[in-house]
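J.: Give me the fold of what follows.
(one chain, ligands or ions: 1)
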Amino acid sequence: MTESMHQVLVIEDEPAIRTVLKVLLQAEQYRVIEADTALRAEIETRSHKPDLLLIDLGLPDGDGLAVIRRVRAWSPVPIVVLSARTMEEQKIAALDAGADDYVTKPFSAPELLARIRAALRRNVRGADQASVLRFGDVRLDLARREAHGPAGELHLTPLEYRVIECLARHLGSIVMQSQLIREVWGPDRQDDSRSLRVCIKNLRGKLEADPHRPRYLVTEAGLGYRLRADEH
Ligand code: CA
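T.: Okay, the predicted model is just below:
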């Protein structure tokens, strides 16, 4: 199935925003179904099995968070959240509940479409993701644990490889700081955000052309990190 045939369920109670989303998605050849309540969202998800959920958190009959939790209990479908700029805690709660990514309202169309493509790609690729990543002049082979930059071979520590591998499994999507620490350092080190910050700083020094203005290993303030890579 090509990307253009993906079906997206738009869960949004404001008709004007729903229409904008529908027009935008259909212009990109997505098939769109709609839901304007939490109840409708669950019914449509079960009956149509869409390829991706785009969900507003403020719904008239309940919380979008509850929808995310209930759907996550039985489905790995990618979920992208639309959230208001002022709802920082809600954003964190949505990612903790199992959402893959979020886009802040008012959203930019290219940004929203990029997030949707990334979430769909990650879902298709699953475990057998590409093991070679490109960051400008830097080439990183995760399977061989080799990295080369313009000045020759780059040495990454085993810890740095584990951080990059965790981020690469969610390439293009946000990874919560708590998830990174749990997966790389283990569940007993949840308060150790300093080790992670040091590791990210060192990785940027190796992978980024300008470590102070990272293009590939990007901070999502208050949430975590997002890894981008150049297309092959
Ligand atoms: Ca709403």
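J.: Tell me which stretches of this structure form helices.
T.: For the chain, applying DSSP state H gives helices covering 15-27, 38-48, 64-72, 88-97, 109-125, 158-168, 177-185, 193-207.
J.: I'd like the average pLDDT over the first one.
T.: In this model, helix 15-27 has an average pLDDT of 96.
J.: Wondering if it reaches the ion at all.
T.: No: on the criterion CB under 5 Å from the ion, helix 15-27 is out of touch with the ion, staying 7.8 Å away. Every C-beta, even on glycine, is put in place using the N, C-alpha and C of the backbone.
J.: Figure out how far that helix is from the centre of its chain.
T.: 21 Å (CA atoms, centre = their mean, to the nearest Å).
J.: about what we covered before: so can I have a markdown table of the helices of the chain showing distance to Leu140?
T.: Shown next, in a markdown table, are the helices of the chain (distance: least, CB to CB, whole Å):
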| stretch | distance to Leu140 |
| --- | --- |
| helix 15-27 | 33 |
| helix 38-48 | 37 |
| helix 64-72 | 31 |
| helix 88-97 | 25 |
| helix 109-125 | 17 |
| helix 158-168 | 7 |
| helix 177-185 | 17 |
| helix 193-207 | 7 |
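J.: for those, which one sits closest to Asp137?
T.: helix 193-207 (9.9 Å; CB to CB).
J.: same for that closest one, what does it pack against?
T.: Counting contacts by 3 or more CB pairs under 8 Å, 6 or more residues apart in numbering; DSSP states H and E, helix 193-207 is packed against strand 138-141, strand 146-149, helix 158-168, helix 177-185, strand 217-220.
J.: So which other helices or strands are in contact with the second one?
T.: Pointing back at strand 146-149 there. Here strand 146-149 touches strand 138-141, strand 152-154, helix 193-207, going by 3+ CB pairs under 8 Å, 6+ apart.
J.: Let me see the confidence value for Ile174.
T.: 91.
J.: tell me, how many neighbours does it end up with?
T.: 23 (other CB atoms under 10 Å).
J.: How about the residue lying closest to Glu111 once chain neighbours are set aside: which residues does it bridge to?
T.: Counting by CB to CB, 6 or more residues apart in numbering, Val103 is the residue found nearest to Glu111 once chain neighbours are left out, at 6.4 Å. Beta bridges link Val103 to Leu82, judged by DSSP bridges.
J.: So for Val103, what's the pLDDT?
T.: Looking at Val103, its pLDDT is 90.
J.: partners of Leu59 in the sheet?
T.: According to DSSP bridges, beta-bridge pairing links Leu59 with Gly62.
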